[in-house]
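1. Predicted structure and sequence below. I'll ask about it afterward.
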Amino acid sequence: MRRSLSHYLLLAKRWAWLVIGGIVICGGATFIATLFISPTYQAGATIIINVKSSSSPFENINTSELVVPTYAQLLTSPQVLNPVLAQHPGMTIKQLTSMMLVKPQSNTELIELDVISGNPQFAMELANEITQSFEQFINAQFSNSVQILPAELPKDPSNPKPLLDTMVGAVVGLGLAIALAVVFEWSEDRLISIDEIHALLKLEVLTAIPMLKGKQRTKKTNEIPVVQEAYRILTARLNLMQEANPFKLLMVTSAVASEGKSTISANLAMFLARSGKKVLLVEADLRLPTLNKHFQLQKRLGFSSALTEPWTQIDAKLTGQATSVPGLHIVAAEVPLRNSSDLLQAPQVKHIFEYFLRAPYDYVIFDTPPLLPVADAQLLAAYIHTAVLVVDSSKSSRRIQVRAKEILNKTSTRVLGVVVNKSSWANSGYGYGYGYGYGYVSHYLSDAEQQPEIDASPTMSLPRVEAPVTPSTSTSSLFKRPGKS
């Protein structure tokens, strides 16, 4: 969802204390630290290379530039530094080289030698002694090829620089404060448990579909017993609710896209049909139809065309296509409709839903668009009145889910409960982790659901979703504890 400027201004105001505190603390701490750091001074001398290899000045300049890297390496050679060490008894060549910074200037004839010391006078003397030793060594070999610009006494320390260091510390503090604000904002808005979803939305959690991991992504629902059990629990609870307070039309929706509502709609319809119910699954997400990912549907007219043609011509288009699952029929949305919100406000929509109410099914399940991005689900809720809200636990935020619940409340929709999808909260007591020997495994319908919800052309030929098959289990084995034979 796009964020407005006012949203970011509100966040800036909310975390201003942390940003200011980070700048003040880190900047102040850096400034105080510089007061306890012993100052060091840097004295620099410059060496000019002037190799005369021919009578052409241009060639001499080129030659001088070419030998600069070689001469720079000679500056730290024992032949150059030993005469300097002789003037300073007790100093080693390692100590001396650690005080030196040799910086050849690219594309020039210059080499800069810097000597760093806590004593500015000593730094200047060492820099001049080294360059003089280097000049004597080179000129003895190559006669007058080196000239020296001696170092001067440094007046200000090279380190620390309180003002600059304080500014750097303040910038680091700003970055840390922003990072902490992002972490706090993210963690504060994240859902952390199924119990929190129940408390936040004040809705019953009907079941939890575990998160898929590793090679399990290639498996189908009938290959993961724990997922089958989660859908059986969902089916059983809906059947009990229907007996206690009858309903027929049921919309499956979510707050935002890619929370898994289409997969859950398809699986729910199959499991309800397998429980002995007659089910009609209607693809009401007219903008992004995706049921062809789960079923190989024939190319025929369905819900999309029913909204665009006169009522007298559409009765047969809503009867539904039979599937390989006994008792399950599907009304597809043939092609994406970008103006679906306008079509759902047409007068004949009322007749369409009256037809669904009269249709010979126990359940008519609608896979609807998400609530927040578009108005379609709110328009459909005015006719369906009963809903199940799908919540993706891996990415959902509190504010988004609360907003979705508020929208459903405004439509006077009866929300039966929440289906938690992609749940990583093991042993939560909502559909898995009951100790039946399954362990904690993760799965959904198919690997296709790992993809964002995108346009699915009805002409696509994708693998058909097989009807789940219940593993045969003897009655006695159901009451054995895990690990017992």
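-> Arrived safely. Residues are numbered from 1 along each chain as shown.
2. With residue 68 as the reference, measure out to the residue sitting furthest away from the middle of the chain.
-> The centre of the chain is farthest from one residue, residue 55, which by CA atoms, centre = their mean lies 66.6 Å away. Distance of residue 55 to residue 68, computed by CB to CB, to the nearest Å: 22 Å. No exception for glycine: its C-beta is placed from N, CA and C like everyone else's.
3. Kindly report the same for residue 210.
-> For residue 210, the distance to residue 68 - CB to CB - is 66 Å.
4. secondary structure class for residue 151?
-> The three-state assignment at residue 151 reads coil, by DSSP: H, G, I helix; E, B strand; the rest coil.
5. For burial, what's the neighbour tally of it?
-> Residue 151: 23 surrounding residues under other CB atoms under 10 Å.
6. Now do the same contact list for it.
-> 43-45, 113, 115, 123-124, 127-128, 131 (CB atoms under 8 Å, 6 or more residues apart in numbering).
7. farthest-separated two in those?
-> 123 and 131 (12.8 Å; CB to CB).
8. In stretch 255-264, which residues have enough neighbours to count as buried?
-> 255-264 (16 or more other CB atoms under 10 Å).
9. where's the dip in pLDDT among those?
-> Ranked by pLDDT, these bottom out at residue 258, which scores 84.
10. and that residue, that's in a strand?
-> No: applying three-state DSSP, one finds residue 258 to be coil, outside a strand.
11. re the thing from before, and which of the buried residues of stretch 255-264 is nearest to residue 85?
-> Closest to residue 85, out of all of these and judged by CB to CB, is residue 258, at 70.7 Å.
12. Touching, that closest one and residue 390? I think so.
-> No: contact criterion CB atoms under 8 Å: residue 258 and residue 390 do not qualify, at 10.5 Å.
13. ok, residue 409 - how many residues close by?
-> Here the count is done by other CB under 10 Å, and residue 409 has 10 residues near it.
14. which secondary structure element contains it?
-> Assigned by DSSP states H and E, residue 409 belongs to helix 398-410.
15. what comes up buried for that helix?
-> Under 16+ other CB under 10 Å, the buried positions of helix 398-410 are 398, 400-401, 404-405, 407-408.
16. Redo those residues as a markdown table? Include distance to residue 376 and pLDDT.
-> Converted to a markdown table, the buried residues of helix 398-410 look like this (distance: CB to CB, whole Å; pLDDT from 0 to 100):
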| residue | distance to residue 376 | pLDDT |
| --- | --- | --- |
| 398 | 24 | 79 |
| 400 | 17 | 85 |
| 401 | 19 | 86 |
| 404 | 14 | 88 |
| 405 | 18 | 89 |
| 407 | 12 | 90 |
| 408 | 14 | 89 |
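17. what's the most distant pair in the residues you listed?
-> Going by CB to CB, the pair spanning the buried residues of helix 398-410 furthest: 398 and 408, at 16.0 Å.
18. What values do phi and psi take at the residue nearest to the spatial centre of the chain?
-> The chain has residue 395 as the residue nearest its centroid, 8.8 Å off, counting by CA atoms, centre = their mean. Main-chain dihedrals, residue 395, degrees, to the nearest 10: phi -150, psi 0.
19. With residue 260 instead?
-> Per degrees, to the nearest 10, the backbone of residue 260 is at phi 100, psi 20.
20. So what pairs up with the nearest residue to it once chain neighbours are set aside in the strands?
-> Nearest non-adjacent residue to residue 260, counting by CB to CB, 6 or more residues apart in numbering: residue 421, 4.0 Å away. On the basis of DSSP bridges, residue 421 is bridged to residue 392.
21. Which residue ranges of the stretch 351-485 of the chain form strands?
-> Per DSSP state E, counting those that start in this stretch, the stretch 351-485 of the chain carries strands over the ranges 363-367, 386-392, 414-423.
22. I'd like those laid out as TSV, including distance to residue 96, mean pLDDT and mean neighbour count.
-> Putting these into TSV (distance: least, CB to CB, whole Å; pLDDT from 0 to 100; neighbours: other CB atoms under 10 Å) gives the following:
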stretch	distance to residue 96	mean pLDDT	mean neighbour count
strand 363-367	78	95	26
strand 386-392	65	92	24
strand 414-423	64	89	23
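23. For residue 93, which of those is the nearest?
-> For the strands of the stretch 351-485 of the chain, the distance to residue 93 is smallest for strand 414-423, at 64.1 Å, taking CB to CB.
24. residues making contact with the closest one?
-> So strand 414-423 is in contact with 194, 197-198, 201, 203-212, 234, 237-238, 241, 247, 250, 252, 259-260, 264, 385-394, 405, 408, 430, 444, going by CB under 8 Å, 6+ apart.
25. rerun that using 7 Å as the cut-off
-> The contact list for strand 414-423 (CB atoms under 7 Å, 6 or more residues apart in numbering) reads 194, 197, 201, 203-211, 234, 238, 241, 259-260, 264, 385-394, 408, 430.
26. All set, thanks.
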